[in-house]
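Undergrad: Here is the input, now give the coordinates:
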Amino acid sequence: MKCPSCKYNGTRVVDSRPADDGNSIRRRRECEKCGFRFTTFEKVEESPLIVVKKDGAREEFAREKVRRGLIRACEKRPVSIEQLEVIVSEVERELRALGESEIDSDLIGEKVMDKLAKLDEVAYVRFASVYRQFKDINVFVDELKELMDKNNKG
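TA: As a prediction, this is how the structure comes out:
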């Protein structure tokens, strides 16, 4: 690995430890020429997940898009970025565990909504209103009733 400081092509590993819940390895490296220290991360390269959109279009799964949707839904809510990152990671892990190379966008939305409902009800309703594209107030009220029923049972 090249040193980012002097570009010498020789570094040694000073320290290694697990990162990202054991999904990657954090390595401290030192340049053998100039002594510059820097950090690298090693992660397994996973096969791409393809999302099949409602219109049939296909695109690669993007954690950033899920994260952005969650951030929008959680604006001015007492939800940390770390909590949202956990949701994104859990959803991605569950999707990969299915063993499918193509995933319907509906499934992603449902998984996100399930996790968001447990975290913050207002954020859940915001996300659901955009995701489900409520056609009128009655559909919106039905969704709220369903959420309230779930909360009364749990």
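Undergrad: Now the residue at minimal distance from the centre of the chain: which helix or strand?
TA: Computing the C-alpha centroid of the chain and ranking residues by C-alpha atoms, centre = their mean puts residue 88 first, at 2.3 Å. Per DSSP states H and E: residue 88 is located in helix 81-97.
Undergrad: one step back: show me the contacts for the residue nearest to the centre of the chain.
TA: The contact partners of residue 88, by C-beta atoms under 8 Å, 6 or more residues apart in numbering, come to 63, 66-67, 70. In short, each C-beta sits where N, CA and C put it, glycine included.
Undergrad: now the strands for this protein?
TA: Under the criterion DSSP state E, strands of the chain are mapped to 11-19, 24-31, 37-43, 50-52, 58-60, 102-104.
Undergrad: Quick one: list the elements packing against the last one.
TA: Using 3 or more C-beta pairs under 8 Å, 6 or more residues apart in numbering; DSSP states H and E as the contact criterion, the neighbours of strand 102-104 among helices and strands are strand 50-52.
Undergrad: Could I get the buried residue list for the strand it packs on?
TA: For strand 50-52, the neighbour count (16 or more other C-beta atoms under 10 Å) marks residue 51 as buried.
Undergrad: How far off centre is it?
TA: If you compare the mean C-alpha spot of strand 50-52 with that of the full chain, they lie 15 Å apart, counting by C-alpha atoms, centre = their mean, to the nearest Å.
Undergrad: For residue 73, give its distance to residue 14.
TA: Using C-beta to C-beta, to the nearest Å, residue 73 is found at 42 Å from residue 14.
Undergrad: The two: which has the busier surroundings?
TA: For residue 73 and residue 14, the more surrounded residue by other C-beta atoms under 10 Å is residue 73, and the numbers stand at 24 against 12.
Undergrad: Report whether the expected contact of the more buried one with residue 126 is present.
TA: Yes. The pair formed by residue 73 and residue 126 meets the contact definition of C-beta atoms under 8 Å, at 4.3 Å.
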